[in-house]
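S.K.: sequence unknown, structure follows:
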């Protein structure tokens, strides 16, 4: 069975499904390219307001295919380097995509699967979902931005525990740590993620894009730099058509319909 990233639509939400059930939805280069391509199409499509990334069946993503990694050990190092660059292109595309991206996690999110979930703006996880930075268990180091995401979000000692020991951590503990936004009942993560995406889709796309860009740049700015960036975004959004729609609807106690 061919490993692929399937693209479907639920209303104004694009759903990207990792489909490789034979290998517990392990990732591969063909998926990375498809992910970048799908996000490029969604960015230019005004009918797409949000994206949900999920896995086929009861597993989100087992990370890299270990059989493929073993094979790549007998090839020139640049072969694996190119593969990781493909993954990183997809991670960067998610982080810079101007619309919300929600991960819907059932079962395991391991290795690069955990990194992929962390790259998303919001995470909905089944209560029994498990996350694991499995790299050290097979004498490897992180990719997919996993070490960057954990270092941004957690104290050094806890990030070190996850990366160095490679132990499983449950969705409920990750929610307590602020890395999971919503807990869902088993089998309901996708439905709950779609409901969350629908809520996001009812808000002004330009305002959400500004919020995502401001969050993405915050840690690299001084306060003065960031205040200037906030000013510019605010003025731009006030003079956007949606600014008038939103303010007028609020004053009239109506439901806004954004462009």
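M.R.: Thanks, I have it. Bear in mind that the values here come from a model prediction, so they are computed numbers and not experimental data.

S.K.: going forward, measure contacts and count neighbours with C-alpha atoms only.
M.R.: OK.

S.K.: how about the strands of this structure, start to end?
M.R.: 4-10, 13-19, 50-55, 101-105, 108-110, 122-126, 130-132, 169-170, 182-184 (DSSP state E).

S.K.: Now for residue 101, how many residues are close by?
M.R.: Using other C-alpha atoms under 10 Å, residue 101 has 27 neighbouring residues.

S.K.: any idea how far the closest residue to it other than its chain neighbours lies from residue 193?
M.R.: Distances taken as C-alpha to C-alpha, 6 or more residues apart in numbering place residue 51 nearest to residue 101, at 4.8 Å, with adjacent residues excluded. For residue 51, the distance to residue 193 equals 10 Å [C-alpha to C-alpha, to the nearest Å].

S.K.: go on, residue 170?
M.R.: 18 Å.

S.K.: These two - which one has more neighbours?
M.R.: residue 193 (27 against 16).

S.K.: hang on, the more buried one packs against residue 52?
M.R.: Yes - between residue 193 and residue 52 there is a contact under C-alpha atoms under 8 Å: 7.0 Å.

S.K.: Present the strands of the chain as TSV; the columns should include mean pLDDT and distance to residue 91.
M.R.: Shown next, in TSV, are the strands of the chain (pLDDT from 0 to 100; distance: least, C-alpha to C-alpha, whole Å):
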stretch	mean pLDDT	distance to residue 91
strand 4-10	97	14
strand 13-19	98	14
strand 50-55	98	12
strand 101-105	98	11
strand 108-110	98	15
strand 122-126	98	14
strand 130-132	98	18
strand 169-170	98	22
strand 182-184	98	22
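
S.K.: Can you name the residues in contact with stretch 16-26?
M.R.: The contact list for stretch 16-26 (C-alpha atoms under 8 Å, 6 or more residues apart in numbering) reads 1-8, 27, 31, 35, 51-57, 59-65, 113.

S.K.: Select only the buried ones of the residues you listed in ChimeraX?
M.R.: ChimeraX command restricting those to the buried ones, with burial defined by 16 or more other C-alpha atoms under 10 Å:
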select :3,4,5,6,7,27,31,35,51,52,53,54,55,56,57,59,60,61,62,63,64,113
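
S.K.: just the helices in the chain please.
M.R.: When assigned using DSSP state H, the helices of the chain occupy the ranges 29-44, 66-72, 77-96, 112-119, 146-153, 156-165, 171-176, 189-201, 205-218, 223-238, 241-251.

S.K.: Pick the most buried one from these.
M.R.: Stretch with highest mean neighbour count among those: helix 112-119 (a mean of 26; mean count of other C-alpha atoms under 10 Å).

S.K.: just checking, what packs against it?
M.R.: Contacts defined by 3 or more C-alpha pairs under 8 Å, 6 or more residues apart in numbering; DSSP states H and E place helix 112-119 against helix 77-96, helix 146-153.
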